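Enquirer: Sequence and predicted model, in that order:
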Amino acid sequence: MKRVLFLSLFLAPLLSHAQEVTLRLVSAFPENQFYVKRTVDWIADVNKDGKGVLQINFIGGPKAIPTFEVGKAVQTGVVDIGFSTGAFYTNVMPEADFLKLSETSAAEQRRNGGYDLINKIWAEKANMRYLAKVVEFTPFHLYVNKKIDKPDLTGLKIRITPVYREFFQAMNASVMTTAPGEVYTALERGVIDGYGWPIHALFDLNWHEKTKFRVDPGFYNAEVSLVMNLDKYKGLPAKAREYLDKKALAYEGQNDFWKTYNQNETKRQADAGIQTIAFDAATSKAFVDKAKEIGWANAIKASPTYGAQLQKVLAK
Ligand code: 173
């Protein structure tokens, strides 16, 4: 009897405590971005319910690890979890940037084999587990400070990431890749005439102060996700892994949030004096079709097998 008491009172809590895992997470997006605040809230929730099982330690944003190095840091296990978009780790594998071409939702991809395929590729080529997509239903746009009346960017210098490269180049833009954290200064100094960016989150970084026009329509579908070092993921105690999967899925399950958020952000841009440049219906259709065509052509060229396989589950 005494032994049982000793075991349950002292040893069991010690043992369960010994099982608690702490994971280190870095963000490729600047800490003052709303994306990151939302993720920090998610971490707080994970930590509250995960005592004795799993804790996440938020290390910081690009000051800790530069935006375009986060993917490598996850791949090699320098950090455990990265909060990033695929465009920021094409230095790990070209496939990272293909998820912008998603027309099916993350929920649909969980059902149609897309999520499993993504995880096969991410494991094989990046040593990563794709935990969850937490931004979607969000088009990208071209923002410019010089008025254009057709999809022709001749003579304009546009800030890009791999998301926009081929599409903007096809419109004759001269392009410059930068992390989000460098865009404000580039605008302020007149180094760039515009940039690619989602419909939302301009205000987080004060870009509205330096932005005159948004070009409509939007194109592609922004993808931001939590990716984890695969060895670390596999090595988690089963209970911790199941808990992490459950919490990541719950975060992904909130993605409808972006639909109303984006409507509000569109209005907020208009209220801030950002004018829209809208093409006529035929030009708009050609613009969006061209983005898609260039995106897939490039994907299949960069990764013939996985590009084609992903197209089946991502495109509609
Ligand atoms: O423009 C960017 O920095 C970019 O590629 C991106 C991707 C997803 C969400 C936000 C930005």
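Expert: Sure thing, it's come through.
Enquirer: which outside residues touch the strand or helix carrying residue 292?
Expert: Residue 292 is part of helix 281-302, with elements assigned from DSSP states H and E. Residues outside helix 281-302 that contact it (C-beta atoms under 8 Å, 6 or more residues apart in numbering): 94-95, 97-98, 100-101, 150-151, 166-167, 170, 216-217, 219-220, 278-279, 307-308, 310-311, 315. For glycine as for every other residue, the C-beta is placed from the backbone atoms N, C-alpha and C.
Enquirer: 7 Å instead, please
Expert: For helix 281-302, the surrounding residues in contact (C-beta atoms under 7 Å, 6 or more residues apart in numbering) are 94, 98, 101, 150-151, 166-167, 170, 217, 219-220, 279, 307-308, 311.
Enquirer: Just the ones of those in strands?
Expert: Cross-referencing these against strands under DSSP state E gives 217, 219.
Enquirer: Widest-spaced pair of the contacts of helix 281-302?
Expert: 150 and 308 (32.7 Å; C-beta to C-beta).
Enquirer: Not including adjacent chain positions, what is the nearest residue to the spatially most central residue of the chain?
Expert: Among the residues of the chain, the one closest to the centroid is residue 224, at 1.7 Å (C-alpha atoms, centre = their mean). Distances taken as C-beta to C-beta, 6 or more residues apart in numbering put residue 135 closest to residue 224, at 3.6 Å, once the chain neighbours are dropped.
Enquirer: Which parts of this protein are helices?
Expert: Here the chain has its helices, by DSSP state H, at 2-6, 12-19, 34-49, 70-76, 106-111, 114-126, 165-170, 183-188, 230-235, 238-252, 257-271, 281-302, 304-314.
Enquirer: Pick the most buried one from these.
Expert: Of the helices of the chain, the one with the most neighbours on average (mean count of other C-beta atoms under 10 Å) is helix 70-76, at a mean of 23.
Enquirer: Alpha carbons only: can I get it in CSV?
Expert: Coordinates of each C-alpha in helix 70-76 appear next as CSV, following Å, rounded to 0.1, in the frame of the first residue of the first chain:
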residue,chain,number,x,y,z
VAL,A,70,14.2,29.8,-41.5
GLY,A,71,13.5,26.9,-43.9
LYS,A,72,17.2,25.7,-43.7
ALA,A,73,17.1,26.1,-39.9
VAL,A,74,14.1,23.8,-39.7
GLN,A,75,15.6,21.3,-42.2
THR,A,76,18.8,21.0,-40.2
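Enquirer: I'd like to know which elements that helix is packed against.
Expert: Helices and strands touching helix 70-76, by 3 or more C-beta pairs under 7 Å, 6 or more residues apart in numbering; DSSP states H and E, are strand 81-84, strand 224-229.
Enquirer: for it, the distance to its chain's centre please.
Expert: Remark: helix 70-76 is offset 15 Å from the chain centroid, using C-alpha atoms, centre = their mean, to the nearest Å.
Enquirer: near the ligand, anything from that helix?
Expert: No. If you take C-beta under 6 Å from any ligand atom as the test, helix 70-76 misses the ligand, and the best it gets is 12.5 Å.
Enquirer: which residues are contacting that helix?
Expert: Outside helix 70-76, the residues that touch it by C-beta under 7 Å, 6+ apart are 26, 28, 65, 79, 82, 84, 88-89, 91-92, 96, 126-128, 227-229.
Enquirer: Quick one, which of those residues are buried?
Expert: Among the contacts of helix 70-76, those scoring as buried are 26, 28, 65, 79, 82, 84, 88-89, 92, 96, 126-128, 227-229 (criterion: 16 or more other C-beta atoms under 10 Å).
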